[in-house]
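Asker: sequence and predicted structure below; questions after.
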Amino acid sequence: KVPADPLLSIVVTIVDGGPWLRAFLDTTRAFRDAPPLELIVPYDDSVAAGVEACRADFPEVAFLPLGEITPGRPITTEAGQHELFDRRRAAGLAAATGDIIAILEDRGHPDPDWARTVIRLHATTGRNVIGGAIDCKEPVSLLNWAFWVTDFGRYGLPFDSGPAEWVSDVNVTYSRQALEATRHLWRDRFHEPVVNWHLISLGEELLLSNELVVNHVRPPVTLARLLPERFHWGRLFGNIRARHFTPMQRLFYIALSPLIPPSLWLRHGLTQARKGKLGRYLLTLPFIVILTTAWTLGEVWGYVTRRP
């Protein structure tokens, strides 16, 4: 049950850092009718310079130094970077003291009524896990939009609120009860699918709300940057799924892997058509084909190797 005047902890994952972190923190100052807030920004030495540049301007924020983190793969790789994101989230969650705990990214800016909406939804629905929309406002390049479609398109407005199989750690909130029930799973690294699958196995029902909105503001990106990112993030997802597969399920998904890209093209297309964006989707289709193919290669490699 949500207390009468709950504390909302917001764990901010640094992804782009620097001016994007500053812009994110500025949006939290624009919250309307905000509840009591605890803002936590975990950071390791690799992003310390960007944090120090804005620390003095945001005294209300708890900047959480983690020192040097050495990921399993080189810090210069997309896989190494993703591990840093996961470890920053885990450290922030461990430090959070709120009754409700949210995870956001510095490239996902919340709407002014976001914080108050979190409190209202938890109080009125009784749900322990509530995710929200991740919208992408134009103008944005076709490549950036293609990335958003392949990663967050299902969370773009408009959609109907309701029970969901997936919510994203770019815009998700947990009750203290849910967080404590999964602490053993995110003690070192936070993996959104693992945590949410475990909660579902305990009988929890995830809620996806169209009232809880963040706006995706990734900096301009190149295809050369996105391809290794898509591969390594797909590989991590494949590895996580493979850990929950039986040997026969793993072989089944490997055998059917050639069907994954066309099924994704169709699924993404139908989703964007329902949202009234089919024309833009067709314009970006060449990029979407390339990005989903890179993701699939990584996902299948994760199934094959079962390596994080």
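Answerer: Ah, there it is.

Asker: quick check: the spatially closest residue to R243 that is not a sequence neighbour vs R87, distance?
Answerer: Leaving aside its sequence neighbours, R243 sits nearest to R306 (Cβ to Cβ, 6 or more residues apart in numbering; 7.0 Å). (Each C-beta comes from the backbone N, C-alpha and C, glycine too.) For R306, the distance to R87 (Cβ to Cβ, to the nearest Å) stands at 21 Å.

Asker: looking at these two, which one has more neighbours?
Answerer: R87 (18 against 15; other Cβ atoms under 10 Å).

Asker: what sits against that one?
Answerer: D44, L66, I69, P71, D188, R189 (Cβ atoms under 8 Å, 6 or more residues apart in numbering).

Asker: between those residues, which is closest to L291?
Answerer: P71 (23.5 Å; Cβ to Cβ).

Asker: you'd agree that closest one is up against F85?
Answerer: No. Between P71 and F85 there is no contact under Cβ atoms under 8 Å: 10.0 Å.

Asker: more crowded one of these two?
Answerer: The residue with more neighbours, out of P71 and F85, is P71; 19 against 16, by other Cβ under 10 Å.

Asker: can you tell me the SS state at the closest residue to A164 other than its chain neighbours?
Answerer: Counting by Cβ to Cβ, 6+ apart, A164 lies nearest to L208, which is 3.7 Å off, once chain neighbours are set aside. What DSSP: H, G, I helix; E, B strand; the rest coil gives for L208 is strand.

Asker: L208 and E165 touch, don't they?
Answerer: No. The pair formed by L208 and E165 falls short of the contact definition of Cβ under 8 Å, at 9.1 Å.

Asker: neighbour-wise, which of the two wins?
Answerer: Each of L208 and E165 has its neighbours counted (other Cβ under 10 Å); L208 has more, 24 against 9.

Asker: tell me where the protein has strands.
Answerer: 8-13, 37-43, 61-65, 100-105, 108-110, 129-135, 162-164, 171-175, 206-216 (DSSP state E).

Asker: how about those in TSV, adding distance to H232 and mean pLDDT?
Answerer: Formatted as TSV, the strands of the chain follow (distance: least, Cβ to Cβ, whole Å; pLDDT from 0 to 100):
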stretch	distance to H232	mean pLDDT
strand 8-13	17	98
strand 37-43	21	98
strand 61-65	26	98
strand 100-105	17	98
strand 108-110	20	97
strand 129-135	21	98
strand 162-164	26	97
strand 171-175	22	98
strand 206-216	20	98
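
Asker: what separates the nearest residue to R189 once chain neighbours are set aside from R241, distance-wise?
Answerer: Closest residue to R189 apart from its sequence neighbours, by Cβ to Cβ, 6+ apart: D86 at 3.9 Å. Distance of D86 to R241, given as Cβ to Cβ: 16 Å.

Asker: S175 now?
Answerer: 26 Å.

Asker: more neighbours: which of these two?
Answerer: Per other Cβ under 10 Å, whichever of S175 and R241 has more neighbours is S175, with 22 against 19.

Asker: wait, that one sits on D99?
Answerer: Yes. S175 is in contact with D99 according to Cβ under 8 Å; the separation is 7.4 Å.

Asker: intersection of neighbour lists for these two?
Answerer: Residues touching both S175 and D99 (Cβ under 8 Å, 6+ apart) are V2.

Asker: so where's this structure shaky on pLDDT?
Answerer: 308 (pLDDT under 70).
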